[in-house]
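Trainee: Return atomic coordinates for the entry below.
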Amino acid sequence: PEIGEGSHVWGFSEPALSVGGDLYDVIPMPDASWLLYVADVAGKGLPAALMMAALSAKIRSIAPLQNEVHKLLANVNKEMHELMSEEGFFATMVMSRYWPRTGKVHIARAGHQYPLWVMNHGFQELSNIHGIPIGIEFGAEYEKAEFVLSPGEAILLVTDGITEAENEKGELFGNDRLADYFKLATGPPWAQGLLGKIDSWRGDAVMNDDLTILELWRDPQG
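Mentor: Numbering: from 1, shown residues only. Next comes the predicted model:
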């Protein structure tokens, strides 16, 4: 969607099989902020996709009732714990709330790949946000990080299908190639170029995992 104030969002998801367990969503909130998240249900194929659909519906139903992303994650975990534990599933997730007018960002994480804060031809992993996956422990609590996204910067929420993408030799794309991409690429946005880089590097290798990326960025000043 168009989120205004010189801010933009773009997402992409590709399953390794015909359907998969990755998920992203962008939800308008009552106070003119936006809720953005990426989730990865453990497993592949139809069972993971069905659990993903249940998780998506639950988040959509309770998101407008909770102002804090870390408390929303805790509520999602409570609501989904019984279903997921009975079926032998869990899900990792990273969730962000963004205010386009000010650039303010809140992020919480449930055992997921670290969010990437991209700036000045490099990126920083937001590795100081802790929390266990959804569906593991009833009553789990989560942490929240706060910062301001400046003009020309971006946040990328990704699944491990990015860094763990394999080429024909079985090599992983990895963090070093990810860092090299951001050193040379121009942006924002960066996500589409990153996907092209991974696709080219993979060659004819079959996808080994679901791959999802969601990018939020602010236009550079001037």
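Trainee: Okay, helices next: where are they in this structure?
Mentor: Assigned helices in the chain, in chain order: 45-62, 69-87, 174-184, 191-202 (criterion: DSSP state H).
Trainee: OK, contacts around the nearest residue in space to residue 15 that is not next to it in sequence?
Mentor: The shortest distance from residue 15 to any non-neighbouring residue, by CB to CB, 6 or more residues apart in numbering, is to residue 210 (4.9 Å). The way it works is simple: take the backbone N, C-alpha and C, and place the C-beta from them, glycine included. Applying CB atoms under 8 Å, 6 or more residues apart in numbering, we find residue 210 in contact with 13-16, 20-22, 40, 44, 159, 161.
Trainee: same question, residue 219
Mentor: Residue 219 makes contact with 6-8, 151-152, 188 under the criterion CB under 8 Å, 6+ apart.
Trainee: okay, the residues you listed in CSV with pLDDT and distance to residue 81 next?
Mentor: Output for the contacts of residue 219, formatted as CSV (pLDDT from 0 to 100; distance: CB to CB, whole Å):
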residue, pLDDT, distance to residue 81
6, 96, 39
7, 97, 34
8, 97, 35
151, 95, 40
152, 95, 40
188, 91, 37
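Trainee: Put together CSV for these, with neighbour count on each row.
Mentor: Formatted as CSV, the contacts of residue 219 follow (neighbours: other CB atoms under 10 Å):
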residue, neighbour count
6, 14
7, 20
8, 18
151, 14
152, 16
188, 22
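Trainee: Among the residues you listed, which one lies nearest to residue 52?
Mentor: residue 8 (25.0 Å; CB to CB).
Trainee: before we move on, the earlier item: how about the helices of the chain, which one is nearest residue 120?
Mentor: helix 174-184 (9.3 Å).
Trainee: Could I get the full set of strands for this structure?
Mentor: 7-14, 22-28, 34-41, 91-99, 104-110, 116-119, 122-125, 144-148, 154-158, 211-218 (DSSP state E).
Trainee: Who are the contact partners of the nearest residue in space to residue 141 that is not next to it in sequence?
Mentor: Distances taken as CB to CB, 6+ apart place residue 74 nearest to residue 141, at 5.8 Å, with adjacent residues excluded. Residues in contact with residue 74, defined by CB under 8 Å, 6+ apart, are 139-142.
Trainee: Give me the helix or strand of this structure that scores worst on average pLDDT.
Mentor: Ranked by mean pLDDT, DSSP states H and E, the weakest helix or strand in the chain is strand 122-125, scoring a mean of 85.
Trainee: which helices and strands sit right next to that one?
Mentor: strand 116-119, helix 174-184 (3 or more CB pairs under 8 Å, 6 or more residues apart in numbering; DSSP states H and E).
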